[in-house]
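J.: sharing a sequence plus its predicted fold:
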Amino acid sequence: MKQIQHSGLQWVSNNSTLLLFAVAIALFGILSPAFLSFQNAFNILVQAAALGILATGMTFVLLTAGIDLSVGSIMFLAGVISGKMVVDGAPLWWAGLVVVVIGLEFGCLNALLIYRLKVIPFIVTLATFYVGRGLGLFISDTRAINLPESFLTLGSGKVLGIPLPVILLFFVITLAHLVLTRTTFGKHIYAVGHDPEKARKAGISVNRILLGVYVICGFCAALGGLVAIAQLGAVSPTFGLQSEFMAIAAAILGGVSLFGGRGNVFPGTLIGVLLIQTIQNGLVMVNADPYLYPLITAAVIFLVVGIDSLQNQRREKAKRLGLK
Amino acid sequence: MVKIANSESTFVVLLCLGYYLVMTIIAPGFFTVNNSINLLFNLLPLLIISIGQTYVLLTAGIDLSVTAIVAVASVVGGFMMSSDTVWFHNEFTTLFLGILGMLVVGVLIGAINGWAVAKFAMPAFMVTLTTMMLFSGFAIWLTQSQNLYNLPESFVEMHYTYFLGIPVPLYIALFVVLLAYFLLNRTIFGEWIYAVGANKKTARISGVSVSKTLIGVYVFSGFCAAVGAILYTARLETGSPVMGQNILLDVIGAVVIGGTSLFGGKGTIQGTFFGALFMTLLDNSLNLLNLSFFIIMMVKGMVILGAAILNTVVERSLKTG
């Protein structure tokens, strides 16, 4: 009997995010019937696209026990530069290409500083966070940029009835999932995250893995930024602020560990992203006080991280006892 | 161990001195009485908050919530002291309870951080990130984005009130610095902090109460942030829900430049003092040079990176040589 109770509890704590998800849907559904409509579920998916792409990139970095605080700045810089280019008459594909290259470059810069100069990721990306945002503010002259109609087609355009942002999101997640589960590069990412020393001894080039994950993260940040501004229609001077925190939170909610080596993009990070977006959408649907959004989102994240940490503690205890 | 700390303190002292001399020559209006007073008043709150952060970093933690603590303390102090929301009728009671209320806010939020880090073994980064989001949202919700004005005369005059020829904020800062120095260097609590930062497992085995130490450092950081909030609120004569929004980089930058390791166990109050001085000098001089705030932002980012690189290079050469 005790055994059953114990495994029941364990099931609850292992699936805390899914349970919270169910509770959130039920609660919002009772408060606002329109929340449960198919149209609204689809809206959540469309709204989740930018954060989803961002969090996918962040997952790669977190899996190596790193962190990237610069993604919000990369998003902002990408938005400002592409916005300026398109306003000045450059074709959309050209602006998009330039932006993606900027994302890749920022990722490269982060990675080089981390493994060449041996500075910890937190400080490196904190510095590039400020440099990127300063640069973006400099280029935009701290003014909002309103985007032309042509840019908005990226946000509202459809292929076979499916909005482009959703297609992009699924493309990115599928690709990331395949890379992580089916390639040696993916397996090496987990190995480096588990124990970089052991990985090195096993002949893995840790530097190359780090370069890879930060470049992927920079790329995803630029792409996510493009999708977000195409949906918003403008780039404000505060665009992308705290996006890095939302991306990290989404990944953690989906079961990715901050200490590396544990977690996945699908279903993990995707569930985290959908949970955050569902809560924000639900709060709008039930006409909650907008001032309460950050409070409720933060409380949910705190809860999930707390449960996850308790589990971790138990896992380590079990490991210790097992060794003895 | 002592030698390393000394050599690093020397580095940051020379950095400050050199920078000060250069700016005296090239920045117009830098070496004047007015600007020196300005520098001092900018330095004090940053120094106080950075000292609290030093305690947390010494245990290999991090406190991102200091900005939110400053905001909530400022708002609570504003509510309790503003003559628009008459809570108390006697000026002395208003002042006393208002300041006490602000300190209690800091200690309470610090205790929540410490409790989550110590008892649930939650990563400090995530704990303080969520409390930052939660409490900065709370400060804005509480005031509905409004500022609180009409604080008591004796409170906002703090920076212009002299006692024995020295302005009151300097006494406050001196008290916090001496308290922090004493706790860290002369008490068992200080020894525990270094032990926990060096190695948690070893510390636990050798009888250190790890969770008490962890809760203690976050409470102290919260307390320091609240004291910083008192100085900011008095100087701006406003209780503001977005106060301190942009100081996180300055705080962590000051501590890291002061030679404190992000991995715990290494760092001093003296180092943090000069780190905070350097960040203040940087800010003040770049402003005097008439650079726009986004250039200042970029320069600061690069300076922090430079200091971190220098720090690792020094450490590596000490290890190999």
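T.: That came through fine.
J.: what's the offset of stretch B:232-249 from the middle of its chain?
T.: Stretch B:232-249 sits 13 Å away from the centroid of its parent chain (C-alpha atoms, centre = their mean, to the nearest Å).
J.: so is residue A:257 in a helix, a strand, or just coil?
T.: Classification of residue A:257 using DSSP: H, G, I helix; E, B strand; the rest coil returns coil.
J.: model confidence for it, exactly?
T.: As predicted, residue A:257 sits at a pLDDT of 84.
J.: do the same with the one 3 residues further on
T.: According to the prediction, residue A:260 has pLDDT 85.
J.: same question for residue A:12.
T.: With respect to pLDDT, residue A:12 scores 63.
J.: equivalent analysis for the one 4 residues further on, please.
T.: Residue A:16 is assigned a pLDDT of 74 by the prediction.
J.: let me know whether it touches residue A:308 as I believe.
T.: Yes - applying C-beta atoms under 8 Å as the test, residue A:16 and residue A:308 come out as touching, 7.3 Å apart. Bear in mind the C-beta positions are built from the backbone N, C-alpha and C, glycine included.
J.: more neighbours: the two, which one.
T.: Between residue A:16 and residue A:308, counted using other C-beta atoms under 10 Å in any protein chain shown, the more crowded position is residue A:308 (25 against 20).
J.: the helices in the stretch 201-324 of chain A, which residues?
T.: Using DSSP state H, counting those that start in this stretch, the helices of the stretch 201-324 of chain A run over A:206-232, A:243-253, A:270-285, A:293-323.
J.: now these as a markdown table including distance to residue A:129 and mean pLDDT?
T.: What follows is the helices of the stretch 201-324 of chain A, written out as a markdown table (distance: least, C-beta to C-beta, whole Å; pLDDT from 0 to 100):
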| stretch | distance to residue A:129 | mean pLDDT |
| --- | --- | --- |
| helix A:206-232 | 11 | 95 |
| helix A:243-253 | 7 | 89 |
| helix A:270-285 | 21 | 91 |
| helix A:293-323 | 20 | 81 |
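J.: the residue lying closest to residue B:211 once chain neighbours are set aside sits in which helix or strand?
T.: Of all residues not flanking residue B:211 in the chain, residue B:118 sits nearest, at 3.7 Å (C-beta to C-beta, 6 or more residues apart in numbering or on different chains). Assigned by DSSP states H and E, residue B:118 belongs to helix B:91-119.
J.: so which residues on the stretch 101-250 of chain A come close to chain B?
T.: Selection of the stretch 101-250 of chain A residues close to chain B by C-beta under 8 Å from any C-beta of the partner chain yields A:113, A:117-120, A:122-124, A:126-131, A:133-135, A:137-138, A:142, A:242, A:245, A:248-249.
J.: out of those residues, which are buried?
T.: Neighbour-count burial (16 or more other C-beta atoms under 10 Å in any protein chain shown) is assigned, among these, to A:113, A:119-120, A:122-124, A:126-131, A:133-135, A:137-138, A:245, A:248-249.
J.: in helices, which of those residues fall?
T.: If you go by DSSP state H, those have A:113, A:122-124, A:126-131, A:133-135, A:137-138, A:245, A:248-249 in helices.
J.: coming back round to it: the residue nearest to residue B:211: neighbour count?
T.: Neighbours around residue B:118, by other C-beta under 10 Å: 21.
J.: relative to chain A, how far out is it?
T.: According to C-beta to the nearest C-beta, to the nearest Å, residue B:118 stands 11 Å off from chain A.
J.: residue contacts, that residue?
T.: Contacts for residue B:118 (C-beta atoms under 8 Å, 6 or more residues apart in numbering or on different chains) come out as B:210-212, B:214-215.
J.: now with 7 Å, please.
T.: Residues near residue B:118 by C-beta atoms under 7 Å, 6 or more residues apart in numbering or on different chains: B:211, B:214-215.
J.: and for residue A:180?
T.: Contact analysis of residue A:180 by C-beta under 7 Å, 6+ apart lists A:186, A:189, A:264-265.
J.: what's the closest of those residues to residue B:155?
T.: For the contacts of residue A:180, the closest approach to residue B:155 (C-beta to C-beta) belongs to residue A:265, at 52.6 Å.
J.: from chain B, how far out is that closest one?
T.: On the measure of C-beta to the nearest C-beta, residue A:265 and chain B end up 19 Å apart.
J.: what is the burial count for that residue?
T.: Around residue A:265 there are 29 other residues, counting by other C-beta under 10 Å.
J.: ok, residue B:84 next?
T.: By the criterion of other C-beta under 10 Å, residue B:84 has 10 neighbours.
J.: for the stretch 51-200 of chain B, what lies in contact range of chain A?
T.: Contact residues, the stretch 51-200 of chain B versus chain A (C-beta under 7 Å from any C-beta of the partner chain): B:116, B:120-123, B:125-126, B:129-130, B:133-134, B:137-138, B:140-141, B:144.
J.: among those, who's most crowded?
T.: residue B:130 leads these on contacts (other C-beta under 10 Å) with 28 neighbours.
J.: and that residue, what element?
T.: Residue B:130 is part of helix B:124-143, with elements assigned from DSSP H and E.
J.: check which element follows that helix along the chain.
T.: Using DSSP H and E, the first helix or strand after helix B:124-143 is helix B:153-156.
J.: going by neighbour count, list what's buried in that following helix.
T.: B:155-156.
J.: check contacts around the closest residue to residue A:276 other than its chain neighbours.
T.: Excluding the flanking residues, the one nearest residue A:276 by C-beta to C-beta, 6+ apart is residue A:250, at 5.4 Å. Contact analysis of residue A:250 by C-beta under 7 Å, 6+ apart lists A:51, A:55, A:269, A:272-273, A:276.
J.: out of the residues you listed, the closest to residue A:155 would be?
T.: Distance to residue A:155, by C-beta to C-beta, is smallest for residue A:51 among these, at 14.2 Å.
J.: how about the closest one, nearest residue that isn't a chain neighbour?
T.: Excluding its sequence neighbours, the residue lying closest to residue A:51 (C-beta to C-beta, 6+ apart) is residue A:273, at 5.3 Å.
J.: quick one: contacts for the one you found?
T.: By C-beta under 7 Å, 6+ apart, residue A:273 lies in contact with A:48, A:51-52, A:55, A:250.
J.: narrow the residues you listed to those in helices?
T.: Counting by DSSP H, these place A:48, A:51-52, A:55, A:250 in helices.
J.: pLDDT weak spots in chain B?
T.: Where chain B drops to pLDDT under 70, the residues are B:1-8, B:86, B:311, B:315, B:318-321.
J.: mean confidence for stretch A:151-158?
T.: pLDDT averaged over stretch A:151-158 gives 80.
J.: what segments of chain B are helices?
T.: Taking DSSP H, the helices of chain B run over residues B:2-26, B:33-58, B:66-81, B:91-119, B:124-143, B:153-156, B:168-186, B:188-198, B:200-205, B:210-236, B:248-257, B:269-288, B:293-320.
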